[in-house]
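Enquirer: sequence first, then the predicted structure, then my questions.
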Amino acid sequence: MIRIGIIGFGYWGPNLARNFSSLDGCQVRYIADVDPKKLAVARKLYPAVTATENAEAVINDKEIEAVVIASPVSTHYEFAKNALNNGKHVLIEKPMTRSAAEAEELIELAAKKHKVLMVDHTFLYTGAVKKIKEIISQDHIGEIRYFDSTRINLGLFQHDVNVIWDLAPHDISILKYLVEEPPQSVIASGVSHTDNRVENIAYITLNYKTNMIAHFTLSWTSPVKIRKTLIGGTKKMVVYDDLEPTEKVRVYDTGFKVSDSQKLLIDYRVGDIFIPKVEQTEALKGLAQDFLRSISKGSRPLSDGKSGLAVVRILEAAESSIKNGGKEVPLK
């Protein structure tokens, strides 16, 4: 029985608490948050769990074996570092940290302490993304030429991070999972419509050594909510719409071929649309199970610390590009 403490019971913490509480093989012992109102809700939902304003009490409790961090991103590094130093396995809500240097330090510390370090890239555990991974791995769509993602809605405005750090980790983690080739550079632009200079609209472009390109549209100020990704291959194309209740993934037997490059003559092909069956289980439950399995069996989680670091490196470079007027920033 793996004893768990959860730090943060705001937007995402309740979902983590619900999923871990429903699983065999673990027991949620603590829920920590600085807001007394949120703790009151936690006590009502989980009367057998200790609710506290003191996160350090969770980290210092010798009976706690794993800590789940769902607090503001500015606190991730310190909480995770303290937890690892106290011999705890750690699961961190996205984004992993506020800098690549912090993420690298946590990865080294986890390896030194022989502890699991995992990042909550929930979408890697969705039936839709797993199905797309299967389709790509079986070479149904050919070489990937582009990845075009739109993640926009009205709110939730954050005070400590911009729209890139809030929304982009989802789609960047999906891209990194589906495409093995690492990007070479980042170009980003963004704008703030508030007085705190926190960008609420942003556009990110990732450039690759091959002809592939990835683009992300992000906004907190859209009148409609859109969660859609287009993936173009040399054979077929995929449309992933996360807001679709059932038909989230569609594969289009559509493409083009250059018949005369001198005259730019293009032959187009429009064929059938295939809608694969997608697993409907809750992604967060799969992530929680992966965390517990990694602890008990010593296996590597799908969304490990290195996955979190790769995402943070891109976020960090994108923010640097924005602050420097859209300058291209190379990636390691």
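Expert: Looks like it came in fine.
Enquirer: what segments of the stretch 201-332 of the chain are helices?
Expert: 283-297, 305-323 (DSSP state H, counting those that start in this stretch).
Enquirer: let me fix that, I meant to ask about the stretch 51-200 of the chain.
Expert: 55-60, 73-85, 100-113, 127-137, 163-178.
Enquirer: the stretch 1-150 of the chain: strands as residue ranges?
Expert: Counting by DSSP state E, counting those that start in this stretch, the stretch 1-150 of the chain has strands at residues 2-7, 26-32, 50-52, 66-69, 89-93, 117-120, 144-154.
Enquirer: kindly present those strands as CSV, with separate columns for distance to D242, mean pLDDT and mean neighbour count.
Expert: Every C-beta, even on glycine, is put in place using the N, C-alpha and C of the backbone. What follows is those, written out as CSV (distance: least, CB to CB, whole Å; pLDDT from 0 to 100; neighbours: other CB atoms under 10 Å):
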stretch, distance to D242, mean pLDDT, mean neighbour count
strand 2-7, 25, 98, 24
strand 26-32, 28, 98, 23
strand 50-52, 33, 98, 18
strand 66-69, 24, 98, 27
strand 89-93, 19, 98, 27
strand 117-120, 16, 98, 28
strand 144-154, 9, 97, 18
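Enquirer: pLDDT below threshold where in the protein?
Expert: 261, 263 (pLDDT under 70).
Enquirer: now do the domain split for it, please.
Expert: Split into domains by automatic domain parsing, the chain comes to 2-115, 124-281+314-330.
Enquirer: how far away is I172 from D33?
Expert: 28 Å (CB to CB, to the nearest Å).
Enquirer: and for I273?
Expert: 46 Å.
Enquirer: the two - which one has more neighbours?
Expert: D33 (22 against 13; other CB atoms under 10 Å).
Enquirer: which one is that one nearest to, not counting chain neighbours?
Expert: F9 (4.1 Å; CB to CB, 6 or more residues apart in numbering).
Enquirer: what's around the one you found, how many residues?
Expert: That count, for F9 with other CB under 10 Å as the rule, works out to 25.
Enquirer: need the helices of the stretch 51-200 of the chain in JSON lines with distance to L243, can you?
Expert: Listed next are the helices of the stretch 51-200 of the chain as JSON lines, based on distance: least, CB to CB, whole Å:
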{"stretch": "helix 55-60", "distance to L243": "34"}
{"stretch": "helix 73-85", "distance to L243": "25"}
{"stretch": "helix 100-113", "distance to L243": "30"}
{"stretch": "helix 127-137", "distance to L243": "11"}
{"stretch": "helix 163-178", "distance to L243": "13"}
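Enquirer: which of these is buried the deepest?
Expert: helix 163-178 (a mean of 23; mean count of other CB atoms under 10 Å).
Enquirer: which strand residues bridge S149?
Expert: Counting by DSSP bridges, S149 is bridged to F216, T229.
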